[in-house]
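Visitor: from the sequence below, what's the structure:
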Amino acid sequence: MEVYGNVFYKAGKRASLIGGGNDNVYRNNLFIDCPVAFHVDNRLQGWAKSFVKRNDLFEKRLQAVNYQQPPYATAYPTLTNYFEDKAGLPKRNFIENNVFVQVKMIHNGNPEWSYIGKNLTLGEDPGFIDFEKMNFELKTTSEVFKLLPGFKSIPFNKIGIQTN
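Guide: Residues are numbered from 1 along each chain as shown. Prediction:
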């Protein structure tokens with residue numbers, strides 16, 4: 001799954017959860033005032049391992065879409081050997097090019113379960129249009145664009161109900 005261009009504002013104890021998952025990419029998101037941005041665990045190797053048990057519902061659903069053949073195998077190549085590749089172990093999760101503002105902890109899981117790339121962590125308003133009124137669109141002069149050059153402005157004008 002790719003999570004791109006979102007705003008997580010006061011999003012509970014854990015803004016995002018990767019519960020035993022693989023191949024999740026979080027890029028170009030804003031995390032604001034969150035205790036923990038990412039909770040990553042290996043539940044599919046522990047209490048939830050029955051969800052990915054061989055010859056059970058999960059595998060039957062994969063077989064129903066011929067997951068080892070194109071087009072499914074082309075779109076999701078790492079899934080073709082899911083059961084042979086340490087099933088349930090979180091891997092190939094990428095957290096990069098995100099902005100964390102007043103976030104106490106970015107990641108509370110095993111460091112091997114996620115790749116933490118270049119992100120930007122700030123303790124104060126990085127140049128939002130109006131932080132107090134929760135307008136988190138970044139001004140063109142925001143330091144974010146200097147300190148994290150790959151960060152793309154989130155198109156707030158395209159979010160929500162659109163009228164012609």
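Visitor: where along this protein do the helices fall?
Guide: Assigned by DSSP state H, the chain shows helices spanning 57-64, 72-75, 144-147.
Visitor: tabulate those helices (TSV), appending mean neighbour count.
Guide: All C-beta atoms are positioned from the backbone trio N, CA, C, and that covers glycine. Compiled in TSV, the helices of the chain are given as follows (neighbours: other Cβ atoms under 10 Å):
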stretch	mean neighbour count
helix 57-64	12
helix 72-75	12
helix 144-147	16
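Visitor: quick one: which of those is nearest residue 14?
Guide: Checking the helices of the chain against residue 14 by Cβ to Cβ gives helix 144-147 as the closest, at 23.3 Å.
Visitor: so what touches that closest one?
Guide: If you take Cβ atoms under 8 Å, 6 or more residues apart in numbering as the criterion, helix 144-147 is touched by 99, 120, 126, 127, 138, 151, 153.
Visitor: run the last query once more with 10 Å
Guide: 30, 99, 101, 118, 120-122, 126-128, 138-139, 151-153 (Cβ atoms under 10 Å, 6 or more residues apart in numbering).
Visitor: neighbour-wise, which of those residues leads?
Guide: Most neighbours among those, by other Cβ atoms under 10 Å: residue 99, with 24 neighbours.
Visitor: and it, bridged to which residues?
Guide: residue 30, residue 120 (DSSP bridges).
Visitor: can you tell me which of the contacts of helix 144-147 is nearest residue 80?
Guide: Checking these one by one against residue 80 (Cβ to Cβ), the nearest turns out to be residue 118, at 30.4 Å.
Visitor: tell me the contacts of that closest one?
Guide: Residue 118 touches 96, 97, 98, 147, 148, 149, 150, 151, counting by Cβ under 10 Å, 6+ apart.
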